[in-house]
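Chemist: Take a look and give me a structure for this.
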Amino acid sequence: MQTMLATATVSISDLKKNPSDIIKRSQGAPVAILNHNRPTAYLVPAAAFESIMEQLDDQYLVQLVKDRQKERSVKVSLDEL
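Modeler: A predicted model of the protein is given here:
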C-alpha cells in the first residue's frame, strides 16, 4: 500500500477538466493526483517546490563540504589565485 502524503486528492480526469479550479481549491496545500485510486503525482505550489529544491541543494552542499574537509588542504596565496 502506498502512503498518501496529502490530505486532498483528485483524479487525473478531474484535473484535466479544470486544473485552475483544483489549484484554487487546494489553497496552497499539496494535492495527490490519483490514477485508478493510486497516487501517481503530487500537485504542490511553486513556492513549496522551490523550497524543497533549495533544501535538497543545501543538503548536497553540506555533504560536499563534509567530504572535502576530509581531503588534504593546499595553501594558496591571494596572488596565486
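Chemist: Can you give me the neighbour number for the closest residue to Pro30 other than its chain neighbours?
Modeler: Closest residue to Pro30 apart from its sequence neighbours, by CB to CB, 6 or more residues apart in numbering: Ala6 at 4.2 Å. To be clear about C-beta, it is placed using only N, CA and C from the backbone, and glycine gets the same treatment. Number of residues near Ala6 (other CB atoms under 10 Å) recorded here: 16.
Chemist: Please apply the same query to the one 5 residues further on.
Modeler: The local packing of Ser11 (other CB under 10 Å) involves 13 other residues.
Chemist: Ok, the one 10 residues further on next?
Modeler: The burial count assigned to Asp21 is 12, neighbours taken as other CB under 10 Å.
Chemist: Doesn't it lie inside a strand?
Modeler: No. Using DSSP: H, G, I helix; E, B strand; the rest coil, the assignment for Asp21 is helix, not a strand.
Chemist: do you know how far Ser58 is from Pro45?
Modeler: In this structure residue 58 is Asp, not Ser. Asp58 sits 20 Å away from Pro45, going by CB to CB, to the nearest Å.
Chemist: Those two: which is more packed in?
Modeler: Higher neighbour count among Asp58 and Pro45: Pro45, with 15 against 10, using other CB under 10 Å.
Chemist: Next, the contact list for the more buried one, please.
Modeler: Going by CB atoms under 8 Å, 6 or more residues apart in numbering, Pro45 touches Ser26, Gly28.
Chemist: That one and Asp79: what is the separation?
Modeler: Noted for Pro45: a distance of 49 Å to Asp79, by CB to CB.
Chemist: Mind checking the pLDDT average for the longest helix anywhere in the chain?
Modeler: Longest helix of the chain, by residue count under DSSP state H: helix 46-69. For helix 46-69, the mean per-residue pLDDT is 96.
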